[in-house]
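> could you look at this predicted model? Sequence included:
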Amino acid sequence: MGANEAADSALATAWSRELGLHVPIVNAPMGGAAGGRLATAVTNAGGFGMIGMGSAGSVQALERELTELKTDRFGIGLVDWVRRRETGLLETAINAKPALISVSFADNFDWVESVRDAGILTATQVYDVPSAHRAQDAGVDVLVARGSEGGGHGADRVALMPLLDAVLEIATVPVLAAGGIGSGRSLAAVLAAGASGAWVGTALAAATESLLPEFARLAMLAADSASTTSTTAFDAALDLPWPVEYPARVLRNDFTEQPLPTEVLRAAIAADDPRFAPVDAGQGVGLVTHIESAATVIDRMCTSAAHLLTRNRPD
Ligand SMILES: Cc1cc2nc3c(=O)[nH]c(=O)nc-3n(C[C@H](O)[C@H](O)[C@H](O)COP(=O)(O)O)c2cc1C
């Protein structure tokens with residue numbers, strides 16, 4: 001069990017109860033970070049663990065991470081263009097019987113029906129009211145309102161608070177909040193606003209159970225909230241077919257300041273060279289000050305959020 005019982009009940013939402021969660025925290029499906037180990041740790045801490053298949057996602061990579069999974073309560077997150085490139089990836093995800101599958105980064109919802117038909121909840125990240133309407137109209141069960149401060153790929157359009165406000169206004173399905181949530185304060189804020197839970201990336205990306213390479217963890221520890229930038233430069237140099245409306249929020253480094261030839265970038269990535277290699281991180285990276293277990297991060301966030309949400313209540 002993760003956070004203590006008092007914190008659990010202070011934070012519970014209708015959605016978290018329905019999923020049998022003790023705390024309304026979902027780890028974002030982060031390619032290269034959220035494998036079976038992190039998903040297991042998050043679920044064991046009372047939240048909802050997800051495996052992420054990013055740009056390098058494949059059937060083989062998903063199968064490998066599924067063998068690391070030691071829980072029945074989990075989700076899988078895919079990137080739309082990777083799902084379309086990798087034959088069998090969506091089917092492999094469905095056959096693993098997760099409770100939820102997310103597919104993000106396209107206004108293409110042809111995957112929703114087969115996932116729902118398998119009795120699996122569907123989710124996608126949205127960035128404004130029109131994209132929230134489109135997802136909802138396509139039958140997506142859970143909207144993830146992802147603010148522009150978030151790490152990794154996503155539209156660099158609206159910050160989380162105004163986005164969450166606007167999406168909650170029109171949503172008829174549960175809404176999870178994403179972008180910069182890494183403390184009790186930010187967790188309390190989105191729950192008080194009406195979010196059904198928090199979809200947390202950066203704050204869990206450097207957790208001990210993450211797949212993140214050592215150089216990236218160290219770069220995250222050294223960064224503060226002003227250290228990130230939103231860019232398409234890495235995707236262009238690596239010739240990855242990311243739609244340009246979804247740049248990636250990364251740590252600023254020599255490459256983001258002055259892009260270099262593709263061969264130099266590839267060599268830097270192979271050598272884990274932080275001067276040039278990409279490290280996905282959101283503006284909440286300043287809250288990442290230690291390498292800790294996912295349970296420690298979640299317990300701290302939940303204990304503090306419960307305190308903040310209950311301190312002004314009369315006895
Ligand atoms: C290291 C990292 C990798 C990510 N990879 C993916 C991914 O593969 N698929 C996806 O849907 N989102 C991915 N994201 C974005 C998250 O789903 C989410 O939008 C973001 O982490 C939320 O903001 P935060 O990082 O401030 O918590 C990634 C984010 C990070 C930090």
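Looks like it came in fine. Numbers count the residues shown, from 1 in each chain.
> which positions in this structure make contact with the ligand?
Contacts of the chain with the ligand, taken as CB under 6 Å from any ligand atom, map to 28-31, 33, 52, 54, 77, 79, 104, 125, 146, 150-152, 154, 178-181, 200-203, 205, 280-282, 284. Using the backbone N, CA and C atoms, a C-beta is placed for each residue, glycine as well.
> inside helices: which ones of those residues?
202-203, 205 (DSSP state H).
> how far out from the middle of the chain is the longest helix anywhere in the chain?
Ranked by residue count, the top helix of the chain under DSSP H comes out as helix 294-310. Chain-centre distance of helix 294-310: 18 Å, with CA atoms, centre = their mean, to the nearest Å.
> can you list contacts of that helix?
2-4, 6-8, 10-11, 23, 25, 27, 38, 41-42, 44-47, 182-185, 187-188, 191-192, 203-204, 207-209 (CB atoms under 8 Å, 6 or more residues apart in numbering).
> and the protein, what are its domain boundaries?
By the assignment in automatic domain parsing, the chain contains the domains 5-211+288-310, 214-270.
> deepest in the core, which of these is it.
domain 5-211+288-310 (a mean of 21; mean count of other CB atoms under 10 Å).
> average pLDDT across stretch 285-299?
Computed over stretch 285-299, the mean pLDDT rounds to 97.
> start to end distance for it?
18 Å (CA to CA, to the nearest Å).
> in the stretch 101-250 of the chain, what residue lies closest to the ligand?
With CB to the nearest ligand atom, the shortest gap between the stretch 101-250 of the chain and the ligand falls at residue 201, namely 1.9 Å.
> and the pLDDT for that residue?
On the pLDDT scale, residue 201 is placed at 98.
> which ones are touching it?
Neighbouring residues of residue 201 by CB under 8 Å, 6+ apart: 27-28, 30, 150-152, 178, 280, 282.
> and what of residue 140?
Residue 140 touches 109, 112, 122-124, 173, counting by CB under 8 Å, 6+ apart.
> again, only using 6 Å
122, 124 (CB atoms under 6 Å, 6 or more residues apart in numbering).
> low pLDDT regions in the protein?
1-4, 6-7, 312, 314-315 (pLDDT under 70).
> those strands in the chain, which residues are they?
Per DSSP state E, the chain carries strands over the ranges 25-27, 49-53, 74-79, 100-104, 121-126, 142-146, 152-153, 175-178, 197-200, 228-231, 248-251.
> end to end, how far does stretch 283-303 reach?
Using CA to CA, the span of stretch 283-303 from its first residue to its last is 22 Å.
> oh, that last question was meant for stretch 202-220, not what I typed.
Across stretch 202-220, first to last residue, CA to CA, it's 9 Å.
> which residues sit against that stretch?
By CB under 6 Å, 6+ apart, stretch 202-220 touches 27, 30, 32-33, 35, 37-38, 41, 151, 182, 251, 272, 274, 279, 281-282, 284-285, 288, 291, 293-294, 297.
> likewise for stretch 116-136?
94, 100-102, 104, 107, 112, 115, 140-146, 155, 157-158, 166-167, 170.
> just the CA atoms of stretch 263-273, as CSV, please.
Output of stretch 263-273 as CSV, limited to C-alpha atoms (Å, rounded to 0.1, in the frame of the first residue of the first chain):
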residue,chain,number,x,y,z
GLU,A,263,25.3,12.0,-37.6
VAL,A,264,26.6,14.1,-34.8
LEU,A,265,23.3,13.8,-33.0
ARG,A,266,23.1,10.1,-33.5
ALA,A,267,26.7,9.7,-32.2
ALA,A,268,25.8,11.8,-29.1
ILE,A,269,22.7,9.8,-28.4
ALA,A,270,24.7,6.5,-28.7
ALA,A,271,27.3,8.0,-26.3
ASP,A,272,24.7,9.4,-23.8
ASP,A,273,26.2,12.8,-24.3
